[in-house]
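>>> model this:
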Amino acid sequence: MFQTRERMPRAELRTRHERCRSLLRALLPDAGGILISGYPAIYYFSGTMAAGVFWLPLEGEPVLAVRKAMERAALESPLENLVSYRSFKELPSLFAAAGSPLPDTVALDKAGVSWEQGELLASRLPVRTFLAGDDVMGRTRTLKSSWELAKIREAGKRHHQSLRRLLPARIRPGMTEMDVARTLWDIFFSLDHCGALPAGMPGAGVFLGNITAGENGNYPTAYNGPLGLEGAHPASPLMASQTTRWARGEVLLADTGFSFEGYLTDKTDTYFAGRREDIPPLVQQAQDVTEAIEAHCADLLKPGAIPAAIYAESLRMAEDAGFAKGFMGFGGNKVPFLGHGIGLTISEWPIIARGFTEPLQCGMTIALEPKIGLPGIGMVGTENTYEITENGPFCLTGTDRGIICVDDDAA
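Numbers count the residues shown, from 1 in each chain. Next up, the predicted model:
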């Protein structure tokens, strides 16, 4: 009686499984397979966001073990081997019965499980050694298929429409950050935003993104990003402040993610409360630098390019322009990267940073987010999501990078 909105193609899953197996053989040759229970990785490998465990052996058929809502898993997943369980201790016999027994050494998505769950798994399964399989999973997911790219491209179109075309007409100086956030949520949901923005980092939460006005752009934040954020409350330092108002003559940044059918784009736009001729020269100068950095580094997003070298270029440009101190965060907010991969989570492999020396490849999707913190002013900057193609980078979230002026005196 129930129907699923979408069923992932079986060929899509097979391609993912084989790529993961190839990486397991290369990076973790002792592992006989990978066991996955974290979100959204379990969706990536099974086609359903099941409450359970997914087992991908090096040899044999994959098995999805479901603790709850087997009916839903059967509707959504094209996998042939779906089994029900109530306790982890049942898994070895279930996997063996499916023809894919657990070996002595198994890779595990350690970042996707709690310490408690990890210890429980270790005590219930006849596995002698668990290896960290997170790097293998990250590298598997970094290359997007045509099926995935279609969703990310659509997310980018709707993201651009939201921030550049629809939001400016509906916000005004004097609104609180939360007023702007609620307005943007209304726009996002009207364009089928899915709501969830998985961060891809243990303990990190993202809700809508960051909406910051004025000096709040430098507000101390524990989130691993350059843009400061006061947020709603110390207990929930997310999204926006209910009390900070966007005043005339101030900048406001909207650093947000758009989720379309589970796949994300990341985008930042800078708004100014007033006329373009009233933008302070320092604000415009800093914004021009971030736009130049994004444009130059985006041109470098080609197959074979080295992420660390692109990051070094961004540091050089910020230094040459005299903005090294505030580049990628002011004070304690400074972060050591320029961009990041993106897909089912807001931050994925690879990172545009030091130490990432493996060449970029076609099919990767990467967000570049150059920003500059200005003391006493806040932050300016830009961010867009790019697809790496054989012909170079293609911007998925629009090529407009300039400051958007919002004048409450406009007729």
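>>> mind listing the helices for the chain?
With helices called from DSSP state H, the chain shows them at 10-27, 41-46, 70-76, 91-97, 115-124, 134-142, 146-160, 177-190, 281-299, 307-320.
>>> mean pLDDT and mean neighbour count for those helices - can I get that in CSV?
The way it works is simple: take the backbone N, C-alpha and C, and place the C-beta from them, glycine included. Below are the helices of the chain laid out as CSV (pLDDT from 0 to 100; neighbours: other CB atoms under 10 Å):
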stretch, mean pLDDT, mean neighbour count
helix 10-27, 97, 16
helix 41-46, 96, 23
helix 70-76, 96, 17
helix 91-97, 96, 16
helix 115-124, 90, 13
helix 134-142, 95, 21
helix 146-160, 98, 20
helix 177-190, 98, 18
helix 281-299, 98, 19
helix 307-320, 98, 18
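>>> reformat those helices as CSV; add distance to Gly326.
Formatted as CSV, the helices of the chain follow (distance: least, CB to CB, whole Å):
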stretch, distance to Gly326
helix 10-27, 38
helix 41-46, 36
helix 70-76, 46
helix 91-97, 51
helix 115-124, 38
helix 134-142, 30
helix 146-160, 26
helix 177-190, 21
helix 281-299, 8
helix 307-320, 8
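>>> of all those, which one comes closest to Pro393?
helix 281-299 (5.1 Å; CB to CB).
>>> for Glu387, see how far away the residue nearest the centre of the chain is.
Centroid-nearest residue in the chain: Ile346, 0.9 Å away (criterion: CA atoms, centre = their mean). Applying CB to CB, to the nearest Å, the value for Ile346 to Glu387 is 16 Å.
>>> on contacts alone, who are the packing partners of the lowest-mean-pLDDT helix or strand in the chain?
Scoring the helices and strands of the chain by mean pLDDT, DSSP states H and E places helix 115-124 at the bottom, with a mean of 90. Contact partners of helix 115-124 among helices and strands, from 3 or more CB pairs under 8 Å, 6 or more residues apart in numbering; DSSP states H and E: strand 129-132.
>>> distance from the strand it packs on to the middle of the chain?
In terms of CA atoms, centre = their mean, to the nearest Å, the centre of strand 129-132 is set 26 Å apart from its chain centre.
>>> paired strands for that strand, with orientation please.
Strand pairing for strand 129-132, determined by DSSP bridges: strand 105-108 (parallel).
>>> on that earlier part again, tell me which residues are up against the least confident helix or strand of the chain.
Here helix 115-124 makes contact (CB atoms under 8 Å, 6 or more residues apart in numbering) with 35, 37, 87-89, 91, 108, 110, 113, 130.
>>> how about stretch 220-240?
For stretch 220-240, the external contacting residues (CB under 8 Å, 6+ apart) are 176-178, 180-181, 201, 204-212, 216-219, 241-242, 244, 253, 255, 268, 328-335, 347, 369, 371, 373, 378-379, 381.
>>> make a PyMOL selection of the buried ones in the residues you listed.
Entered in PyMOL, the line below selects the buried ones among the contacts of stretch 220-240, by 16 or more other CB atoms under 10 Å:
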select buried, resi 176+177+178+180+181+206+207+208+209+210+211+212+216+217+218+219+241+244+253+255+268+328+329+330+333+335+347+369+371+373+378+379+381
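>>> pull stretch 231-244 out as CSV, backbone CA atoms only.
What follows is stretch 231-244, C-alpha atoms only, in CSV (Å, rounded to 0.1, in the frame of the first residue of the first chain):
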residue,chain,number,x,y,z
GLY,A,231,23.4,32.0,17.2
ALA,A,232,20.1,31.6,18.9
HIS,A,233,21.5,30.8,22.4
PRO,A,234,24.6,29.4,24.2
ALA,A,235,22.7,26.1,24.3
SER,A,236,22.1,26.3,20.5
PRO,A,237,24.7,28.5,18.9
LEU,A,238,23.3,27.9,15.4
MET,A,239,21.6,29.7,12.6
ALA,A,240,21.0,33.3,13.9
SER,A,241,20.5,35.7,16.8
GLN,A,242,17.0,36.8,17.8
THR,A,243,18.3,40.1,19.2
THR,A,244,21.0,41.4,16.8
